[in-house]
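1. what's the 3D shape of this:
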Amino acid sequence: MGGVRAIICNCIGVCCRWCFGVTSIGWAERKIASVLFATPPTSSYEEALSYFQQADEVEPKYPRNLLYLGDTLLKLKRNDEARSVF
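-> Numbering: from 1, shown residues only. Below you'll find the model as predicted:
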């Protein structure tokens, strides 16, 4: 069962990091992406947060997830929650 849990956690983790990364790109990168793609990818910190929370349910207290979870909460200006995660 541990192998299945690891696969699920990795899949959720990929979604988490993708959402966080896409949301974090700056104006210049977004303009370049709009030249390369018809519509540049979009996401939000709220979407990333929901994935990080799902990952925490599957694998509680996983250090890398907690780091991203805390960073996402900081981006959302939810400092007290971020502090409790770190």
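
2. show me the helices in the chain, by range?
-> Assigned by DSSP state H, the chain shows helices spanning 2-24, 27-36, 45-58, 63-75, 79-85.

3. now those as TSV including mean pLDDT and mean neighbour count?
-> For every residue, glycine as well, the C-beta is placed using N, CA and C. Listed next are the helices of the chain as TSV, based on pLDDT from 0 to 100; neighbours: other CB atoms under 10 Å:
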stretch	mean pLDDT	mean neighbour count
helix 2-24	72	15
helix 27-36	83	10
helix 45-58	88	19
helix 63-75	90	18
helix 79-85	92	13
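
4. quick one: contacts for the residue nearest the centre of the chain?
-> In the chain, the residue lying closest to the centroid (CA atoms, centre = their mean) is C16, at 3.1 Å. By CB atoms under 8 Å, 6 or more residues apart in numbering, the contact list for C16 reads A48, Y51, F52, A55, N65, Y68.

5. and the residues you listed, which two are the farthest apart?
-> A48 and N65 (11.4 Å; CB to CB).

6. please tell me how far I12 sits from R64.
-> Shown here: I12 relative to R64, a distance of 12 Å by CB to CB, to the nearest Å.

7. F37 now?
-> 28 Å.

8. cool, L76 as well?
-> For L76, the distance to R64 (CB to CB) stands at 19 Å.

9. next one: V85
-> Following CB to CB, the distance that separates V85 from R64 is 12 Å.

10. what's the answer for I25, then?
-> Applying CB to CB, the value for I25 to R64 is 21 Å.

11. need the contact partners of stretch 53-72.
-> With CB under 8 Å, 6+ apart as the criterion, stretch 53-72 contacts 5, 8-9, 12-13, 16-17, 20, 45, 48-49, 52, 82, 85-86.

12. again but with stretch 41-51, I slipped
-> Here stretch 41-51 has contacts from 12, 15-16, 18-20, 22-23, 33, 68-69, 72-73, 75-76, using CB under 8 Å, 6+ apart.

13. look up the closest residue to G70, ignoring the ones flanking it.
-> Nearest residue to G70 in three dimensions, chain neighbours excluded: V85, at 4.2 Å (CB to CB, 6 or more residues apart in numbering).

14. isn't that neighbour up against N79?
-> No. Contact criterion CB atoms under 8 Å: V85 and N79 do not qualify, at 10.6 Å.

15. lovely, talk soon.
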